[in-house]
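>>> predicted structure and sequence below. I'll ask about it afterward.
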Amino acid sequence: MRYEVRSPDIILYEDDFDLDETLDCGQAFRWEKFKDGYQGYYVNKYLYISGSGGRFVLHETTEDDFLKIWFEYFDLGRDYSALKSTYSCDETMKNACLFAKGIRLLKQDKWEALCSFIISQNNNIPRIKGIIGRLCEHYGGFPTPLQMKDETPESLEFLRSGFRAKYLCDAVKRVLSGETDLEAISKMPVDDARKALEQIKGVGPKVADCVLLYGMNRVDAFPRDVWIKRAEQRFYPNGLPDCIKGTEGIAQQFLFHYIRNIGNQ
């Protein structure tokens, strides 16, 4: 990875990056296609990014914001070429990496990831984006737990989120009371961290693993949805390959995209 400052933009050179595969794959819900790229947010910091083929433009972005926010957010400090080379000792993972060469993990905010994946339960991406969009519109940005302290399931009816509203309220209460310390959880062994997150109403193993992976950068977490379970049954009935150990969550991104697109081939 290298970059250039061409005020008011940042030019990013990174071969292991594809905007569609990274920003429209279900790991974050506040990115939308815009002009010849995408516009979206890290919490409430806006970005318009465009480009392909190893060259990208972060429009109207300072070098300070690039280094302090977007470098981390797009996981630009990780060597994905080396990672994919390691994964390629397994034939299925090799094919998955070739199928979607430009997937990167997005390092999201802990609280936003928790709310987003609570909302994601038994839901599709357009509806998830709609609910989160209404939440942000109501508050003028993604709200903090303190901003939501007086919310009830009834007051959140404008979200049209159904049963998920009561789970959001429980998450707010637990975070504000200190019962759920997201920073402390992010440093726990992954099994303990998962159990801690599961104390929040409505948070099961899959949501907990999504929060760990996308909100806490715990790349040893491995979210299992219907597609990943299907991939495990088809390709790994005896367990996941050793070559992904320690970065199972990133491997899951490649595997999810692969199995979802090849279907029953």
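Looks like it arrived, so ask away. Numbering: from 1, shown residues only.

>>> in the stretch 1-150 of the chain, which spans are strands?
All strands of the stretch 1-150 of the chain, identified by DSSP state E, counting those that start in this stretch, fall at 2-6, 9-13, 32-34, 37-42, 45-52, 55-59.

>>> quick check: buried residues in the third one?
Neighbour-count burial for strand 32-34 flags no residue at all (criterion: 16 or more other CB atoms under 10 Å). In this view, the C-beta of every residue, glycine as well, is placed from N, C-alpha and C.

>>> one more: the first one?
When burial is assessed from 16+ other CB under 10 Å, strand 2-6 yields the following buried residues: Y3.

>>> who does it pair up with?
Note on strand 2-6: by DSSP bridges, its sheet partners are strand 9-13 (antiparallel).

>>> please work out the angle formed by the directions of the partner strand and strand 45-52.
Counting by axes from the mean of the first three to the mean of the last three CA atoms, to 10 degrees, strand 9-13 lies at 50 degrees to strand 45-52.

>>> now strand 9-13: buried residues?
Result for strand 9-13 [16+ other CB under 10 Å]: buried residues D9, I10, L12.

>>> adding distance to A184 and pLDDT, write those residues out as TSV.
Formatted as TSV, the buried residues of strand 9-13 follow (distance: CB to CB, whole Å; pLDDT from 0 to 100):
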residue	distance to A184	pLDDT
D9	38	98
I10	34	98
L12	34	98
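
>>> any regions of the chain where pLDDT drops low?
Along the chain, segments meeting pLDDT under 70 span 263-265.

>>> where exactly do the helices run in the stretch 51-200 of the chain?
Assigned by DSSP state H, counting those that start in this stretch, the helices in the stretch 51-200 of the chain fall at 63-65, 71-73, 80-87, 91-99, 110-119, 125-139, 164-177, 182-186, 190-197.

>>> ok, and what's touching the third one?
Surrounding helix 80-87, the residues in contact under the criterion CB atoms under 8 Å, 6 or more residues apart in numbering are 15-16, 93-94, 96-97, 101, 104, 243-244, 247, 250-251, 254.
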